[in-house]
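Engineer: fold the following for me, if possible:
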Amino acid sequence: MMHTDGRGQLVIQLPVGGHEDIVLARQKVRDLAADMGFSLLDQTRIVTAVSELARNIVVHAQGGTMAVFKPAERAGLRIVFADKGPGIADIGKAMQESYSSVGSLGLGLQGAKRLMDAMEIVSEPGQGTTITVTKWL
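Structural biologist: The predicted model follows:
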């Protein structure tokens, strides 16, 4: 039985603790997006954002979760990444185009935001981070 909350109907929930989890998260989300009828371009956008945000959990928080919801208000995917890592001290700085806290060439939060239709970040230093992204069909 699937449960629902304010985010919609939960369809996938996975731990994110290592690179193999990133691969699995990408695969599950791509399959779901394809089944829902997202275009190949939007599937790629969603999977790229998932890859970036899951990778951030592995690199910065040493683990967390990814939960995928079908929003109640309209067709789409809402994906929630949560961790109990160090948090983001300055969300504004982290959202800057060229910002990288680890010197990587990843897309960063700004890149992930551009690929999706909506992004919300809740983070408290020392308490972890929750990032919610949504792509409408």
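
Engineer: give me the phi and psi for I46.
Structural biologist: Listed backbone geometry of I46 is phi -60, psi -50, with angles given as degrees, to the nearest 10.

Engineer: so where is this protein shaky, pLDDT-wise?
Structural biologist: Across the chain, the stretches falling below the confidence threshold (pLDDT under 70) are 1-5, 97-106.

Engineer: if we go to 90?
Structural biologist: When residues are selected by pLDDT under 90, those of the chain lie in 1-7, 62, 88-108, 125.

Engineer: just the endpoints, please. Distance across stretch 110-123?
Structural biologist: 16 Å (C-alpha to C-alpha, to the nearest Å).

Engineer: my read is N56 is in a helix, agree?
Structural biologist: Yes: following the definition DSSP: H, G, I helix; E, B strand; the rest coil, N56 is counted among the residues of a helix.

Engineer: who's in contact with the helix or strand harbouring R78?
Structural biologist: Counting by DSSP states H and E, the element that carries R78 is strand 76-83. For strand 76-83, the external contacting residues (C-beta atoms under 8 Å, 6 or more residues apart in numbering) are 7-8, 16, 29, 32-33, 36, 38, 46, 49-50, 53-54, 56-57, 60-61, 63-71, 117, 128-137. Every residue, glycine included, has its C-beta placed from N, CA and C.

Engineer: and the nearest residue to A54 once chain neighbours are set aside, helix, strand or coil?
Structural biologist: Spatial nearest neighbour of A54, chain neighbours left out: I22 (4.5 Å); criterion: C-beta to C-beta, 6 or more residues apart in numbering. Applying three-state DSSP to I22 yields a three-state assignment of helix.
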